[in-house]
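>>> only geometry, no sequence info:
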């Protein structure tokens, strides 16, 4: 489990954040953390952007100043004097015990702008639309998923080709890795037959089906559509996805079979 901590509640604590823009070099994180540790401060959260060596990157820190004589502005000023640091922004709390990164906007994944959707938001998308519209809501989810899958496929396959991955199996495995990395589910197995064409994959912790609770039939619509859309671009023909096993039905994992409509 990896926690993208964009905010933090910690009752009764003096929380502050620092957004440090620095040059990517060996030892940068070690130097920053040692300065903070020497002042008896506890780093509650740290994340960094990806940056190649000698490029600028960003480091986000949530720090507990409750029991320290060092004040946030003093620490920020000290870090600004480091030769590899280009900028330090202090994130001040609006309420005691609550800190939120409202400085490093917009949120990016690679070179693309992104948003984070928690379970509460996803329930509105995956669950409530079914309750309000019924089977029509399921059809909408599948259609939306298909279009999302096609859009992602065009981008990710181009990126795969840029690093020299040309074969269909390689592109499918890159897609599976990206599927896991953004939290849709854990791909345990992937079988691809370029000739048929057909894809079969097993997914543990599929978020759509996990949120669905218990069901009498396979639950996935959006993710099933997304898989079909991706495969349609991969194979350059219309594909459809069936969910043959589902955790919402009590199965230990979800299994999808993607086949040609032609």
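Right, received. Where do you want to start? This one's a predicted model, so the numbers in the text were calculated from it and none came from an experiment.
>>> how many other residues sit next to the residue nearest to residue 57 when sequence neighbours are not counted?
Excluding the flanking residues, the one nearest residue 57 by Cβ to Cβ, 6 or more residues apart in numbering is residue 51, at 3.1 Å. Every C-beta, even on glycine, is put in place using the N, C-alpha and C of the backbone. Applying other Cβ atoms under 10 Å, we find 17 residues neighbouring residue 51.
>>> same question, residue 234
For residue 234, using other Cβ under 10 Å, the count is 24.
>>> Quickly find the element holding it.
helix 222-235 (DSSP states H and E).
>>> ok so, going back, look up phi and psi at the residue nearest to residue 57.
Backbone torsions of residue 51, given as degrees, to the nearest 10, read phi -150, psi 130.
>>> Count the neighbours of the closest residue to residue 221 other than its chain neighbours for me.
Once flanking residues are discounted, residue 221 sits nearest to residue 141: 3.8 Å by Cβ to Cβ, 6+ apart. By the criterion of other Cβ under 10 Å, residue 141 has 23 neighbours.
>>> Which other helices and strands does the helix or strand where residue 141 lies contact?
Element membership for residue 141 (DSSP H and E) is helix 135-162. Applying 3 or more Cβ pairs under 8 Å, 6 or more residues apart in numbering; DSSP states H and E, one finds that helix 135-162 contacts helix 129-133, helix 168-181, helix 222-235.
>>> List the buried residues in the first one.
This points to helix 129-133. 129, 130 (16 or more other Cβ atoms under 10 Å).
>>> Use 2 as the first number from now on
Got it, the first residue is 2 from now on, which makes the last one we talked about helix 130-134.
>>> Kindly compare burial across the helices and strands packed on helix 136-163 and name the winner.
helix 223-236 (a mean of 25; mean count of other Cβ atoms under 10 Å).
>>> quick check: angle from that helix to helix 169-182?
150 degrees (axes from the mean of the first three to the mean of the last three Cα atoms, to 10 degrees).
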